[in-house]
Each structure stands twice: as structure tokens, then as C-alpha cells.
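In: Everything below, folded, please.
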Amino acid sequence: MAFSTTLTVNGVRRTIQLDDPRVTLLDLLRERLELTGTKKGCDRGQCGACTVIVDGNAVLSCVTPLLLLEGRQVTTLEGLGSIEAPAPIQRAFMEEQAAQCGYCIAGMMMRAQALLQRNSKPSDAEIRAELAPHLCRCGTHMRILRAVRRAAQLMDTAELSPAHQGSVR
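Out: All right, here's what the predicted structure looks like:
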């Protein structure tokens, strides 16, 4: 049975036609839209590598059916910034060298971004609790924590700069 859904991905409104209603957001992003920053880890919602932001909330895209996303706003890693102009969260993770293998980092950045959009000055305990669902075996946990704190500072500084005064949240 064919179906169609309309959603906005990284600011672009898209109407998607699919034959299988079981298609997940992860499969749409990676296979159809070629947004490969979102990683396929466990494909069971247990590792966090596939985390994206839907309407401001961190969501595991591997267990989110497209049927539930009609009219929703989806942001992937590619929607945050670019190599030329990284978003504060991306810049902070690079500056703190928070990635080793890098597989889990995209999902962690997305969950941290959702946290910072809700709470611009989270405590270390809040950051740790937010990132707890993510599996990382590289051992860069202290660098990741520093990166999220740095991103909060960068976002605060960007909001206070004259170039961004019109866009303060």
C-alpha cells in the first residue's frame, strides 16, 4: 500500500512517496535523501548513533516510522552547519577533539544540540544524563563533556554578538 508524507528536513519541505509504511526516518535520511551524517548503529534504538532532532526533541531515527512525521521538522547533522561554517556544537566537538572513531559522535552532537536549545547553561550532571543513552567505546567522555560546555559558551557568545542580535531565541 503506497503512502505519502510531507515533512521538513533541514529547512527543506519534502513530500515523500513510499510503498512500505514501515520505512524508518533513518532509512529515508540515509538511503533516499543521502544524508549520511546520521549513522546506522544497532538499528534497534539502543546505541544513539542515529539521533536526529524532530521538532526540537532528540529522536532515535532507526525506530521512528515515517508515518509519525507528517508536518514535522527534522534536523540532521548536515542541517546544523557545514565544513566552511560549522555550528557551535560542531565547532566545539572539533576544538575539543571529542571524537576518536567518530561513529557515535553525530548522534551525541544532535542530542547535545537539542539539550542546549532547551537549556543554554546545563550542568555537568544534566549533560551526562542527556548523553546517557549513547554508547561510546572510545573513552573520550571527558572531551565530549568539555565540548558540550564549550558549545554552550559559543552559542551564548554568538547570541550576544551584534551580527546575531536579531535572531536571539
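In: Report the buried residues of whichever strand or helix holds A129.
Out: Element membership for A129, per DSSP states H and E: helix 124-131. Within helix 124-131, the residues scored as buried using 16 or more other Cβ atoms under 10 Å are I127, E130, L131. (Each C-beta comes from the backbone N, C-alpha and C, glycine too.)
In: which outside residues touch the lengthiest helix in the chain?
Out: For the chain, the helix that runs over the most residues, judged by DSSP state H, is helix 141-160. The set of residues external to helix 141-160 that reach it, using Cβ atoms under 8 Å, 6 or more residues apart in numbering, is 88-89, 91-93, 95-98, 105, 108, 112-113, 115-116, 120-122, 124, 127-128, 131, 136, 164, 167-169.
In: If you count neighbours, what's buried in it?
Out: Result for helix 141-160 [16+ other Cβ under 10 Å]: buried residues R143, I144, L145, R146, A147, V148, R149, R150, A151, A152, L154, M155.
In: Also compute the angle for it relative to helix 124-131, please.
Out: 100 degrees (axes from the mean of the first three to the mean of the last three Cα atoms, to 10 degrees).
In: Send me helix 141-160 as PDB with only the CA atoms.
Out: Provided in PDB are the C-alpha atoms of helix 141-160 (Å, rounded to 0.1, in the frame of the first residue of the first chain):
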ATOM      1  CA  HIS A 141      33.800  11.000  27.600                       C
ATOM      2  CA  MET A 142      35.600  13.900  29.300                       C
ATOM      3  CA  ARG A 143      36.300  15.500  26.000                       C
ATOM      4  CA  ILE A 144      32.600  15.200  25.000                       C
ATOM      5  CA  LEU A 145      31.600  16.800  28.200                       C
ATOM      6  CA  ARG A 146      34.000  19.700  27.600                       C
ATOM      7  CA  ALA A 147      32.700  20.000  24.000                       C
ATOM      8  CA  VAL A 148      29.100  20.400  25.200                       C
ATOM      9  CA  ARG A 149      30.200  23.000  27.700                       C
ATOM     10  CA  ARG A 150      32.200  24.800  25.100                       C
ATOM     11  CA  ALA A 151      29.300  24.700  22.600                       C
ATOM     12  CA  ALA A 152      27.100  26.400  25.300                       C
ATOM     13  CA  GLN A 153      29.600  29.100  25.600                       C
ATOM     14  CA  LEU A 154      29.900  29.500  21.900                       C
ATOM     15  CA  MET A 155      26.200  29.700  21.500                       C
ATOM     16  CA  ASP A 156      25.900  32.300  24.200                       C
ATOM     17  CA  THR A 157      28.600  34.400  22.600                       C
ATOM     18  CA  ALA A 158      27.000  34.100  19.200                       C
ATOM     19  CA  GLU A 159      23.700  35.300  20.600                       C
ATOM     20  CA  LEU A 160      25.300  38.300  22.200                       C
END
